[in-house]
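In: Whatever this is, show me its structure:
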Amino acid sequence: MSTNETISLDAPLDELLDYAGRRFEVAFEPVTASKHTLDILQITNMAKYVERIASHAGKDGVELPFWAKIWPSSMVLAHLVGNLPVHPEATVLEIGAGVGICGLAAGAAGFKAVITDINPDALLFSRINVLKNGLDDLVTVQRADFSQDNLGRRFDIIVGAEVLYIEKLHRGLAKFLDAHIKHQAGAQILLSRDHKRKSMRFFKLIEQDFHQANKTIGCKASDDGGTERFLCDVIRLTPRKLAG
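Out: Down below sits the predicted model:
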């Protein structure tokens, strides 16, 4: 396969799956978020895949496929989003989505959701997951860089898991959130992260624009090596300035 091969995200599911299958070893895995079990496309040979791309690394090193991993903090956030009350026409934006688990959970709960990422493979997997789970009437997928883009619209809810770990993106992220959240009562931003990541600079940047509340939640993740326990922080931000 040519490395220059591309495919439109508007292609049918079978074509998208065929394209993904030529680039990765993949399979759907059931993932339960809130009240819904979703089929999520996963790379099945992650260790071998990382080893292969590492062997072809250039002078700038390897860009690891963090987008492909379902992080414990993503599952915590997906569960919370899936249990939010759904109001008519309420909209959700997921940033740094990876395979889109939070946006998918929002769609399964009845929200109109937009899943965004900058990685084309993340967008491919997210779009496949939307179609596989029959959510294409509620969930769309598009490229967005939360450090600099403007989508030209505001949302009732913005969610993002593990989007705070790169400090140089904090200022752009703070501006993006303020530009895309509705300035009205009930609007909220929910961010989740591993408890060990503190990201104090980000919270200083947003303190004038948002009220902040933090809750630490215990969670666990299981794989072939057993069960590992984590602490995840969920940060809720609400706009200080409300429209009119």
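
In: Summarise which helices and strands the strand or helix carrying L131 is packed against.
Out: Element membership for L131, per DSSP states H and E: helix 120-132. Where contact means 3 or more CB pairs under 8 Å, 6 or more residues apart in numbering; DSSP states H and E, helix 120-132 is packed against helix 13-23, strand 36-43, helix 101-109, strand 112-117, strand 139-143. The way it works is simple: take the backbone N, C-alpha and C, and place the C-beta from them, glycine included.

In: Could you rerun that using 10 Å?
Out: Contacts defined by 3 or more CB pairs under 10 Å, 6 or more residues apart in numbering; DSSP states H and E place helix 120-132 against helix 13-23, strand 26-33, strand 36-43, helix 101-109, strand 112-117, strand 139-143.

In: Tell me the buried residues in it?
Out: Under the neighbour-count criterion of 16 or more other CB atoms under 10 Å, helix 120-132 has D121, A122, L123, L124, F125, S126, R127, I128, N129, V130, L131, K132 buried.

In: check contacts around the first one.
Out: For D121, the contacting residues are A20, R23, F24, I43, P65, W67, A68, G98, V99, by CB atoms under 10 Å, 6 or more residues apart in numbering.

In: Out of the residues you listed, which comes closest to R197?
Out: G98 (16.2 Å; CB to CB).

In: so what's the closest one closest to, chain neighbours aside?
Out: Nearest in space to G98, with sequence neighbours left out and distances taken as CB to CB, 6 or more residues apart in numbering, is W67 at 4.3 Å.
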